[in-house]
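Asks: based on what follows, work out the 3D shape:
(one chain, ligands or ions: 2)
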Amino acid sequence: MLKPADVAHLMGGRKVARIVYQPEDIRRRVQELGREIGEAYPSSSGELLVLGLLKGSFVFLGDLVREIPRPLQVDFLVASSYGAEKVSSGNVRLVYDPETRLEGKHILLVEDIIDSGRTLNRLLELLAVRNPRSIEICALLDKGLAAGVLARKPKFLGFEAPREFLVGYGLDHAEDFRHLPFVASLAE
Ligand code: IMP
Ligand code: MG
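Replies: Ligands and ions are numbered 1, 2, ... in the order given. Okay, here's the model as predicted:
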């Protein structure tokens, strides 16, 4: 079990208030998700494209796809909601669009954390017009705030997260802390 004092050398002077998910909690849950996804999309069900939302999903996606026991493809989307604020603006732009054809494929959209749900909602609209066979969401974390907002709730979810600002395992604060192998809340 890592404690805040054990990880001080990773933090550049910021303090961790609490380690919310330990590396082994995450590893175990990601393995389970990989199995669930494999069962939901048997090889006979058609092509599966795992679409990671950058940058936040890169660590999760890298671990997740190696636990999915079936053929699949990987591509990424970059959606930008602006700035370094801690609150999502809801102003979502696609700054990188997947090269891969979506038509006729099962799309699994992989997101680090769902907060307001605005980012995902906008992306679901943008992707649906490309005639995928299906679209589902896999999120590592969900703060449970998007219930009335999100057009489609995540079919695959790592953890129901506390309503705090979290960093690590892909999640950033102003681009820092994505590399942490755990998820933590920052001290003020
Ligand atoms: P939403 O559009 O409000 O659901 O925001 C989703 C995006 O905001 C995520 O993909 C993250 O990049 C970012 N975000 C939301 N909550 C957190 C957090 O607690 N820590 C770090 N990033 C977050
Ligand atoms: Mg972010």
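
Asks: when you work out contacts or count neighbours from here on, use the C-alpha atoms and nothing else.
Replies: Will do.

Asks: so is stretch 135-144 next to ligand 1?
Replies: No - judged by Cα under 6 Å from any ligand atom, stretch 135-144 and ligand 1 are separated, with a smallest distance of 7.9 Å.

Asks: mind listing what's buried in that stretch?
Replies: Counting neighbours by 16 or more other Cα atoms under 10 Å, one finds that the buried residues in stretch 135-144 are 135-143.

Asks: hmm, Ser43 is touching Arg70, no?
Replies: Yes - Ser43 lies in contact with Arg70 (Cα atoms under 8 Å); the separation is 5.9 Å.

Asks: more neighbours: which of those two?
Replies: Between Ser43 and Arg70, counted using other Cα atoms under 10 Å, Arg70 has the larger neighbour count: 18 against 14.

Asks: helices along the protein, start to end?
Replies: 23-40, 58-65, 118-128 (DSSP state H).

Asks: comparing the ones you listed, which comes out most buried?
Replies: Among the helices of the chain, helix 58-65 has the highest mean neighbour count (mean count of other Cα atoms under 10 Å), at a mean of 20.

Asks: contact partners of that helix?
Replies: In this structure, residues lying in contact with helix 58-65 by Cα atoms under 8 Å, 6 or more residues apart in numbering are 30-31, 33-34, 50, 52, 110, 112, 140, 169-170, 179.

Asks: so which of those residues comes closest to ligand 1?
Replies: Within those, the smallest distance to ligand 1 is 5.6 Å, found for Asp112 (Cα to the nearest ligand atom).

Asks: ok, how many other residues are close to the closest residue to that closest one other than its chain neighbours?
Replies: Nearest residue to Asp112 in three dimensions, chain neighbours excluded: Ser57, at 4.8 Å (Cα to Cα, 6 or more residues apart in numbering). Using other Cα under 10 Å, Ser57 has 23 other residues around it.

Asks: what residues are up against Ser57?
Replies: When contacts are counted by Cα under 8 Å, 6+ apart, Ser57 touches 110-112, 170-171.

Asks: could you do Leu171 as well?
Replies: If you count contacts by Cα under 8 Å, 6+ apart, Leu171 has them with 56-57, 112-113, 177-178, 183.

Asks: the residues you listed in strands, which ones?
Replies: Under the assignment DSSP state E, those contribute 112-113, 183 to strands.

Asks: pLDDT on stretch 50-69, on average?
Replies: Mean per-residue pLDDT for stretch 50-69: 97.

Asks: sorry, wrong one. I was asking about stretch 21-34.
Replies: Mean predicted confidence for stretch 21-34 is 98.

Asks: where in the chain is pLDDT low?
Replies: 81-91 (pLDDT under 70).

Asks: need the residues of it near ligand 1, please.
Replies: 56, 88, 90, 112-119, 164-167, 171-173.

Asks: now those: which count as buried?
Replies: Buried members of the residues of the chain next to ligand 1, counted by 16+ other Cα under 10 Å: 56, 88, 90, 112-119, 165-167, 171-172.
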